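> Sharing a model that was predicted from the sequence below.
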Amino acid sequence: MRQENKVYLSLLYDFYKDFLTERQKKIIELYVNEDLTLGEISKELGISRQGVFDAFRKAEIALKRYEAKLRLADKYYKNRSIIEEVLQKLRRIYERYKDEEIMSIINSIQEWQEDV
């Protein structure tokens, strides 16, 4: 799986993990967060590689199905894009007027972004 797909899967997992079984959660966590291969996960959990693959695939399909219905990741990306656009405009305004209140707003938005 390509890195960008892992990042997307990680985001879906963050939004929808509570809908997965404990085994699916563990497999996704090991694959995405620990960067283990399916073979390594198989050894770690003491189940067959095929069992890991099947559980992983079901979890991935479930996460994508939840996203198709709820669109939380899509909304997250759209909101981040809008916030970045607002920040760029605020930076241009700040460069033009050097208003410290605008810089304070920029800093507040950036701090908030880091927490989200």
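Now that the structure is in, tell me what you want to look at.

> by contact count, what packs against the one helix or strand I105 maps to?
Using DSSP states H and E, I105 sits within helix 100-115. When contacts are defined as 3 or more C-beta pairs under 8 Å, 6 or more residues apart in numbering; DSSP states H and E, helix 100-115 packs onto helix 72-97. In this view, the C-beta of every residue, glycine as well, is placed from N, C-alpha and C.

> Return the set of buried residues in the helix it packs on.
Neighbour-count burial for helix 72-97 flags A73, L90, Y94 (criterion: 16 or more other C-beta atoms under 10 Å).

> Mind splitting this structure into its structural domains?
Following automatic domain parsing, one gets these domains for the chain: 3-70, 74-115.

> I'd like the distance from the first one to the chain centre, please.
Okay, so that is domain 3-70. Put simply, domain 3-70 sits 13 Å off its chain's centre (C-alpha atoms, centre = their mean, to the nearest Å).

> So for that domain, mean pLDDT?
Averaging pLDDT along domain 3-70 gives 97.

> Comparing the domains of the chain, which comes out most buried?
Mean neighbour count (mean count of other C-beta atoms under 10 Å) peaks for domain 3-70 among those, with a mean of 15.

> about what we covered before: pLDDT for the buried residues of helix 72-97 - can I get that in a markdown table?
Compiled in a markdown table, those are given as follows (pLDDT from 0 to 100):
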| residue | pLDDT |
| --- | --- |
| A73 | 97 |
| L90 | 97 |
| Y94 | 96 |
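
> now the angle from the helix holding I105 to helix 72-97?
160 degrees (axes from the mean of the first three to the mean of the last three C-alpha atoms, to 10 degrees).

> Can you tell me what sits against helix 100-115?
The contact list for helix 100-115 (C-beta atoms under 8 Å, 6 or more residues apart in numbering) reads R80, I83, V86, L87, L90, R91, I93, Y94.

> try 6 Å
Helix 100-115 is contacted by residues L87, L90, I93, Y94 when judged by C-beta atoms under 6 Å, 6 or more residues apart in numbering.

> For the second one, which non-adjacent residue is spatially closest?
Closest residue to L90 apart from its sequence neighbours, by C-beta to C-beta, 6 or more residues apart in numbering: I106 at 5.1 Å.
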